[in-house]
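Asks: The following block contains a protein sequence and its predicted model.
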Amino acid sequence: MCGIMGYVGPRQASPILLQGLRRLEYRGYDSAGIAVSDGGNMTILKAAGKLDQLEAVVAGAEPPGNLGIGHTRWATHGPPTDLNAHPHTDSTDEFAVVHNGIIENFHQLKEELMAAGKTMVSDTDTEVLVHLISDEYEGDLAAAVRKAVARATGAYALVAVTVHEPDTLVAVRMISPLVVGIGDGEMYLASGIPALLDHTRQVVVLEDGEMVTINPGRVVLETLQGDPIDREPAEIDWDVEQAEKGGYPHFMLKEIFEQSQVAADCVLGRLDGSSVTLEDVEWPRGFVEELDKVWITACGTAFHAGLVGKELFEGLLRVPTEAVYAHELRYRDPILEPGSLTVALSQSGETADTLAAARLLQDRGSRLLAVTNVVGSALTHYADDVIYTRAGPEIAVASTKAYLAMLVSQYLLALDLGHRRGALDQARALEVGGALAKLPAQLEEVLKREDGVEDVAQLLAGHDDIYFIGRGLDYAVATEGSLKLKEISYLHSEAMPAGELKHGTLALITEGTPVVVVNTQQHVYDKTTSALQEVKARGAMVIGVAYDDDTEIEAYTDHLLRIPRTLDLLSPVLSIVPLQLLAYHVADHRGLDIDQPRNLAKSVTVE
Ligand code: AGP
């Protein structure tokens, strides 16, 4: 997720670009840049770091020109450096491109371009686009962009400019958002409505596979095949804050609803049938075959994702796996054999305990793989391998989409390792790969059921204690459902394996006590159902999370949150969503500060 801003009109472009980027910082903020054209020349200014850094570079050296593009970056390929910041230019500096998203086949395109004598100066996937466009240019920027994007696959939005057409912006949307702002004799382009609201409320929202050519007084909208599209501008009545949240009342809800796209982005270009390509992972010869232990370490929500990972790695690789809280592990004296892999999970990549635990294991000879959402974060500096989760900036303190992206990343990792070790036969690998590919559509389906969750949330909002139970992977999901609820609703909640209830906690279950049960794992289904009967017999109000086609559970539950059927192995990706929504709506009914719960911080960089 990055922010794009474009302007063409009678005014100086650079202040408008900077103002727009400021409004888009919620989309990414690790580096930024602008390209401004005054007709004959194009000036490019970039800076790693927050937008303040770019503003300092621009101050006093404001590039003259009435056309420009700008970008605030959330890195996906290459660390946040000046060189990797956008805009990117071709070797003549006559073309510039800003881009948001992922070019799936960029490795192959890069090799082809380099074989043809091009020099690439950045680590980004974007740079190939600008070279393709300049190669295809024959006096018509729109035609060159059309030909260039025909060679690229992926999910992205881009804007291109050239000194040869000093009043033209050409943009394409392929899944990542892009909006045109209509002014009076001037036009704007942005990846989010907040960037446009200082100038206009008339917007045209591009849809997937559409392209737009913009001049100061004209907007031409077409399909990528060149068929004209007639779309009336829409009038926006949101204020800036509503626009930043995409019209949702809170960032948390927005982020929950992004999860279908997040799952799609996470597998994009990495999963082909059953075969997995992880671009920043390079296993040393023999390592995977000899792997005899996996350590998973993390804190909070990331640790709960690790509990799912433990079941996966043991199930798919048949390698003993231990998931340990980083703040515990760092003060233990772990016994390491040669041939172990540490998987450190951290949305921020900056959590002090996770860094310390990961380094302890690495110092004792383990290979370190980081699963993180932040390119260039501290964890990635130490890691031997990295899987970027590609969830985009997560603003709400309560982690939702980053958790889901960690789950999907671990499925990819398990599939890759399982394949390489020969622990997974082809049929099973294809089954898992196929089910993974279906998750984005199934997540859409779960998200459509928000109203049903809200009804249940109303019933819970007045209770003091809420219990979450499940077995195996369902228990792992229960831990995260419980944490979500307590951190934003301030209700007491506990998660436990369903079989543990009768060893003590059952004493707390009385008439009306809410118990949420996740029951998707067929091999322990009956066992979990027995635990349900035990709580039901004590008068509990039972809320079940179950597959659509599970009718048996109706006899033991008072309310049901349904998910589409998938492989039991993958059910956490779906079953967590109703629990995130449940936590959200309980907190909302209680009128709490959902995005910034009391006493908590987004990233815990102290011990
Ligand atoms: C969960 O909603 C919290 N924000 C918290 O538990 C978080 O997951 C934990 O602090 C770890 O953060 P990290 O993923 O950035 O390392």
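Replies: Sure, I can see it.
Asks: ok, the closest residue to the ligand within the chain - contacts?
Replies: Ranking the residues of the chain by distance to the ligand (Cβ to the nearest ligand atom) places residue 300 first, at 1.9 Å. No exception for glycine: its C-beta is placed from N, CA and C like everyone else's. With Cβ atoms under 8 Å, 6 or more residues apart in numbering as the criterion, the residues that contact residue 300 are 399, 483, 604.
Asks: a helix runs through the second one, doesn't it?
Replies: Yes: under the criterion used here (DSSP: H, G, I helix; E, B strand; the rest coil), residue 483 sits inside a helix.
Asks: lowest average confidence, helix or strand, in this structure?
Replies: None of the helices or strands of the chain scores lower by mean pLDDT, DSSP states H and E than helix 240-244, at a mean of 80.
Asks: element containing residue 550, please.
Replies: For residue 550, there is no host helix or strand (DSSP states H and E).
Asks: what's the closest non-adjacent residue to it?
Replies: Nearest residue to residue 550, sequence neighbours excluded (Cβ to Cβ, 6 or more residues apart in numbering): residue 519, at 7.5 Å.
Asks: that older thread, check which residues of the least confident helix or strand of the chain are buried.
Replies: 242, 243, 244 (16 or more other Cβ atoms under 10 Å).
Asks: Among those residues, which ones lie close to the ligand?
Replies: Among the buried residues of helix 240-244, no residue lies close to the ligand (Cβ under 6 Å from any ligand atom).
Asks: Next secondary structure after the least confident helix or strand of the chain?
Replies: Using DSSP H and E, the helix or strand that follows helix 240-244 in sequence is helix 251-257.
Asks: what's next to the helix or strand just after that next one, contact-wise?
Replies: Using DSSP H and E, the helix or strand that follows helix 251-257 in sequence is helix 259-267. Contacts to helix 259-267, defined as Cβ under 8 Å, 6+ apart, come from residues 102, 155, 175, 389-392, 400-401, 404-405, 408-409, 412, 436-437, 439-441, 443-444, 447, 573, 577.
Asks: mind pulling up the phi and psi values for residue 205?
Replies: When read as degrees, to the nearest 10, the backbone of residue 205 gives phi -90, psi 120.
Asks: need the contact list for it.
Replies: Applying Cβ under 8 Å, 6+ apart, we find residue 205 in contact with 177, 178, 179, 180, 234.
Asks: any chance of those residues in a markdown table, plus secondary structure?
Replies: Supplementary listing: the contacts of residue 205 in a markdown table, determined by three-state DSSP:
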| residue | secondary structure |
| --- | --- |
| 177 | coil |
| 178 | coil |
| 179 | strand |
| 180 | strand |
| 234 | strand |
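Asks: For those, pick the one with the most neighbours.
Replies: Comparing these by number of neighbours (other Cβ atoms under 10 Å), residue 178 comes first, having 28 neighbours.
Asks: I figured residue 376 hits residue 77, correct?
Replies: No: the criterion here is Cβ atoms under 8 Å, and residue 376 misses it with residue 77 at 11.2 Å.
Asks: sorry, back to before: from the contacts of residue 205, which is closest to residue 543?
Replies: Lowest distance from residue 543 to the contacts of residue 205 (Cβ to Cβ) belongs to residue 177, with 34.9 Å.
Asks: And the strands in the stretch 501-607 of the chain, which stretches?
Replies: Ranges of strands in the stretch 501-607 of the chain, per DSSP state E, counting those that start in this stretch, are 514-518, 541-547, 559-563.
Asks: hey, which of the ones you listed is tucked in deepest?
Replies: Highest mean neighbour count of the strands of the stretch 501-607 of the chain: strand 514-518, a mean of 27 (counted as mean count of other Cβ atoms under 10 Å).
Asks: Just the residues contacting that one, thanks.
Replies: Identification of contacts with strand 514-518 by Cβ under 8 Å, 6+ apart yields 459-460, 463, 465-470, 474-475, 477-478, 481, 498, 509, 528, 531-532, 535, 540-545, 557, 575, 579, 582.
Asks: What ranges does the stretch 201-350 of the chain have for its strands?
Replies: Under the criterion DSSP E, counting those that start in this stretch, the stretch 201-350 of the chain contains strands at 202-205, 210-215, 218-223, 234-235, 271-272, 275-276, 293-298, 321-325, 340-346.
Asks: Same list (the ones you listed) but as JSON lines, adding distance to residue 140 and mean pLDDT.
Replies: Output for those, formatted as JSON lines (distance: least, Cβ to Cβ, whole Å; pLDDT from 0 to 100):
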{"stretch": "strand 202-205", "distance to residue 140": "22", "mean pLDDT": "92"}
{"stretch": "strand 210-215", "distance to residue 140": "10", "mean pLDDT": "96"}
{"stretch": "strand 218-223", "distance to residue 140": "12", "mean pLDDT": "96"}
{"stretch": "strand 234-235", "distance to residue 140": "29", "mean pLDDT": "88"}
{"stretch": "strand 271-272", "distance to residue 140": "35", "mean pLDDT": "94"}
{"stretch": "strand 275-276", "distance to residue 140": "39", "mean pLDDT": "95"}
{"stretch": "strand 293-298", "distance to residue 140": "51", "mean pLDDT": "98"}
{"stretch": "strand 321-325", "distance to residue 140": "56", "mean pLDDT": "98"}
{"stretch": "strand 340-346", "distance to residue 140": "47", "mean pLDDT": "98"}
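Asks: Alright, I will stop here.
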